[in-house]
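> everything below, folded, please.
(one chain, ligands or ions: 1)
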Amino acid sequence: MGRVLIIVHHFYSWYNLLGTRVWVREKEQLLPATVNSCGDGTLVVTTDYGEVLYLQQAEVNRERVCAMHQSSIDGVEDMSALAELHEAAIMHNLHQRYQKDGIYTNIGSILAAVNPYKQIPGLYDLERVDLYSKHHLGELPPHIFAVANECYRCIWKRHDSQCVLISGESGAGKTESTKLLLQFLSVMSQNSVGTPPSEKSTRVEQAIVQSSPIMEAFGNAKTVYNNNSSRFGKFIQLHFSECGNIQGGCVIDCILVSVSSTYIYAHIKCSALRNFNSEFLLFP
Ligand SMILES: Nc1ncnc2c1ncn2[C@@H]1O[C@H](COP(=O)(O)OP(=O)(O)OP(=O)(O)O)[C@@H](O)[C@H]1O
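Sure, this is the predicted structure:
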């Protein structure tokens, strides 16, 4: 008897909340939805995927329908700030940001990137490189340049070599992300005090950035997942001088795997103290 009363109370509590964002469980999946109407013993909700669900009073309980937390409604830049930490909330947050061209989202020190499959104006231009080079991680919206900058700075801050692991399924955007990282590090290197003015535009940085199309010419093929799919993983090593400029680097091809990964290893000759490891998770 007591249980019925609680359910009835819960049902009528929706009455004043028309338009409320909710999670509704349908076929074992939590779906984001909006309360449409509540009357005659039926709660009507429309899921974000366009499905209209008619829930009878008896089936409305916290397991079936629950209010969405404000952090999930607004969306957050860092997933660790989400109050609801279930898969649906994580995917919903990524999707919400993606719809506003926010393809990057932090998960603590991990950066999640969703492949936009289109050019987003201004996202990777030189002004953006400049902006992110002047701010610490977390001060600006999540971006691959923020991770690249942290990696570059940490070489000196922690006096240790840095490693960036880029991982994701085929077509997720690993190769493009690698090129963006190299682009950022190359600009930082060219602007560093260690680069003589005469060599600002013709140095090893340019060779590293321009090696990508050559590598792709030999190592890429069209697959059902990706028109320009890398057929081997890459281990890219960059050597920095104490003054911050790239002195050299190498690309080592790894075994062909179904889900390839790219490692960028920024190295400086100094005593090993600590490791900073940053990871990427990419979603196609
Ligand atoms: N940040 C981005 N902005 C715009 N388009 C992108 C971005 N990242 C990836 N793409 C698009 O997605 C395509 C696939 O990306 P990419 O080749 O980097 O995937 P991948 O993860 O390296 O795949 P594979 O493992 O098959 O080599 C690119 O050719 C490009 O068109």
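> run through who's touching the host helix or strand of residue 250.
Under the criterion DSSP states H and E, the helix or strand holding residue 250 is strand 246-253. Strand 246-253 has contacts (C-beta atoms under 8 Å, 6 or more residues apart in numbering) with 185-186, 189, 203-205, 208, 211, 215, 219, 232-241. Heads up, the C-betas are built off the backbone N, CA and C, glycines and all.
> spell out which residues of this protein are next to the ligand.
Contact residues, the chain versus the ligand (C-beta under 6 Å from any ligand atom): 115-117, 119, 168, 170-176, 225-226, 228-230, 260.
> which among those count as buried?
Neighbour counting by 16 or more other C-beta atoms under 10 Å classes 115, 168, 171-176, 226, 229-230, 260 among the residues of the chain next to the ligand as buried.
> how about the residue of the stretch 1-150 of the chain found nearest the ligand: what's its closest non-neighbour residue?
Going by C-beta to the nearest ligand atom, the ligand is nearest to residue 115 of the stretch 1-150 of the chain, at 4.6 Å. Nearest non-adjacent residue to residue 115, counting by C-beta to C-beta, 6 or more residues apart in numbering: residue 173, 4.1 Å away.
> what distance do you get for that neighbour to residue 64?
Distance, residue 173 to residue 64, by C-beta to C-beta, to the nearest Å: 37 Å.
> please apply the same query to residue 224.
Applying C-beta to C-beta, the value for residue 224 to residue 64 is 38 Å.
> which one's the longest strand in the chain?
strand 29-39 (DSSP state E).
> in that one, what's buried?
30-35, 38.
> is it fair to say residue 19 lies in a strand?
No: the assignment for residue 19, made by DSSP: H, G, I helix; E, B strand; the rest coil, is coil rather than a strand.
> switch to numbering from 37
Yep, numbering from 37; the last one is residue 55 now.
> and what about the residue most central in space within the chain, helix, strand or coil?
A centroid search over the chain (C-alpha atoms, centre = their mean) returns residue 148, at 1.8 Å, as the residue closest to the centre. Assigned with three-state DSSP, residue 148 falls in the strand class.
> just checking, it touches residue 116?
No: between residue 148 and residue 116 no contact is recorded; they are 11.7 Å apart, counting by C-beta atoms under 8 Å.
> got any residues that touch both of the two?
Taking C-beta under 8 Å, 6+ apart as the criterion, residue 148 and residue 116 both touch residue 142.
> and stretch 192-203, which residues are buried?
Under the neighbour-count rule (16+ other C-beta under 10 Å), stretch 192-203 has 196-200, 202-203 buried.
> specify which member of these is nearest to residue 168.
Ranking these by separation from residue 168, with C-beta to C-beta as the measure, puts residue 200 on top at 14.7 Å.
> thinking again about what came up before, just the buried ones among the contacts of strand 282-289, please.
Members of these that pass the buried threshold by neighbour count (16+ other C-beta under 10 Å) are listed as 221-222, 225, 239-241, 244, 251, 255, 269-270, 272-276.
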